[in-house]
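S.K.: For reference, the sequence and a predicted model appear below.
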Amino acid sequence: MSISVSEDWQAYPAPAKLNLFLHVVGRREDGYHLLQSVFQLIDLADTIHMRLRPDDQIVHHNPLPDVPAETDLTVRAARLLQTFSGVQKGVDLRVDKRIPMGGGLGGGSSDAATVLLVLNRLWGLNLSRKVLMELGLKLGADVPFFIFGRNAFVEGVGEQMKEIETPDCAYVVLHPPVHVSTPAIFKDERLTRNTPLVKMRGLNDIDCRNDLQAVALGQHPLIAEYLAWLSQFGTARMTGSGSCVFTRCASQGDADRVISRLPDDMTGYSVRSVKQHQLREFASDC
Ligand code: C5P
């Protein structure tokens, strides 16, 4: 579950996700879009190191140079939980990033969800999963999914979910080196025309497209080159608002072989599907 890095620091995983498909089905009055999507956890993960402090400070030991504490999702998650619960405890945290940022893999949201789940345990709060998911939604639309912690058919702006069985498989994920701005993608007027609602029965009878892909390709043409390269090996699609693209492989060996053929100037990962978040037990379903 957690790996000791020193006597009191503990390490906790924050897994990435793929959107196996993503349909935009409407827009709310506040500008947020209604989605239908299948969120799939994968074994590409950040690691969050945390330890209790003797005071009530929240201290981030390796913040990214261009991300101030007020906008860092891990710090915001800890502060939100502190304010909500009134607890007078603090935490030291350090993040080892492996999930590319601005890639549509949910890294920042997953980090925030891991902080909420772990502090719920470390601070002895015993908050239910439902409450943590509601708090998580204040930090970002993808955060509730990572607190839910199982592969899911997701609706609303990202807060309604139904657990679904997804196949155990491998994926190749490529990371075009462009930083996609999620708000800039969602601003595109083309997304306001409603697309039909999906009835989620099984993954096989769904039009597996990502409605954000055409918009992201328009803003970042480099993504098209990565999609074209990956399409040699199977159906390739973008995840989230991009920039990462992925294809499913029959086995981990196949995924590794695709990665071994990757041109030197491209970055990619061979990953496996994950059934559930390892920290799921850190919140209760009551
Ligand atoms: O919630 P999150 O920070 O991930 O969203 C970033 C931005 O993406 C939002 O401010 C909003 O403009 C857009 N968005 C949206 N509909 C969603 C999720 C995000 O319009 N369901």
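M.R.: Done, it's in. Residues are numbered from 1 along each chain as shown.

S.K.: Which stretches in this protein count as helices?
M.R.: All helices of the chain, identified by DSSP state H, fall at 73-85, 107-122, 129-139, 143-148, 182-186, 213-219, 222-230, 252-260.

S.K.: residue ranges with poor pLDDT in the stretch 51-200 of the chain?
M.R.: Within the stretch 51-200 of the chain, the set of residues satisfying pLDDT under 70 comprises 194.

S.K.: Near the ligand, which residues of it? Just list them.
M.R.: Neighbours of the ligand within the stretch 51-200 of the chain, by C-beta under 6 Å from any ligand atom: 140-142, 157-158, 182-183, 186. For glycine as for every other residue, the C-beta is placed from the backbone atoms N, C-alpha and C.

S.K.: Please indicate which of the residues you listed are buried?
M.R.: In terms of neighbour count (16 or more other C-beta atoms under 10 Å), the buried residues within those are 140-142, 157-158, 182, 186.

S.K.: among those residues, which are in strands?
M.R.: Counting by DSSP state E, these place none of their members in strands.

S.K.: tell me which of those is nearest to Ile223?
M.R.: Using C-beta to C-beta, the shortest approach to Ile223 within those belongs to Thr182, at 14.3 Å.

S.K.: Could you list which residues are in contact with the closest one?
M.R.: Contacts were defined as C-beta atoms under 8 Å, 6 or more residues apart in numbering; by that measure Thr182 touches 240-241.

S.K.: Please repeat the previous calculation with a cut-off of 10 Å.
M.R.: Remark: with contacts taken as C-beta atoms under 10 Å, 6 or more residues apart in numbering, Thr182 is in contact with 102, 104, 140-142, 212, 216, 240-242.

S.K.: show me what contacts the closest residue to Asn62 other than its chain neighbours?
M.R.: Of all residues beyond its chain neighbours, the one nearest Asn62 is Arg94 (5.1 Å), with distances taken as C-beta to C-beta, 6 or more residues apart in numbering. In this structure, Arg94 makes contact with 5, 9, 11, 47-51, 59-63, 74, judged by C-beta under 10 Å, 6+ apart.

S.K.: again with Asp111
M.R.: Asp111 sits next to 12, 14, 45-48, 72-74, 77, 93, 95, 97, 99, 143, 146 when contact means C-beta under 10 Å, 6+ apart.

S.K.: What of Thr71?
M.R.: In this structure, Thr71 makes contact with 63-64, 108, judged by C-beta under 10 Å, 6+ apart.

S.K.: Counting neighbours, which bits of stretch 19-30 end up buried?
M.R.: By neighbour count, with 16+ other C-beta under 10 Å as the criterion, the buried positions of stretch 19-30 are 19-27.

S.K.: and those as CSV, adding pLDDT and distance to Glu165?
M.R.: What follows is the buried residues of stretch 19-30, written out as CSV (pLDDT from 0 to 100; distance: C-beta to C-beta, whole Å):
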residue, pLDDT, distance to Glu165
Asn19, 97, 17
Leu20, 95, 12
Phe21, 94, 16
Leu22, 95, 19
His23, 93, 20
Val24, 93, 25
Val25, 91, 23
Gly26, 90, 27
Arg27, 89, 30
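
S.K.: Now for those residues: which two are most distant?
M.R.: Greatest spatial distance in the buried residues of stretch 19-30: Leu20 and Arg27, 22.5 Å, computed using C-beta to C-beta.

S.K.: and the residue nearest to His220 when sequence neighbours are not counted, how many residues sit next to it?
M.R.: For His220, ignoring the flanking residues on the chain, the nearest one in space by C-beta to C-beta, 6+ apart is Val178 at 4.4 Å. Counted with other C-beta atoms under 10 Å, the burial measure for Val178 works out to 16 neighbours.
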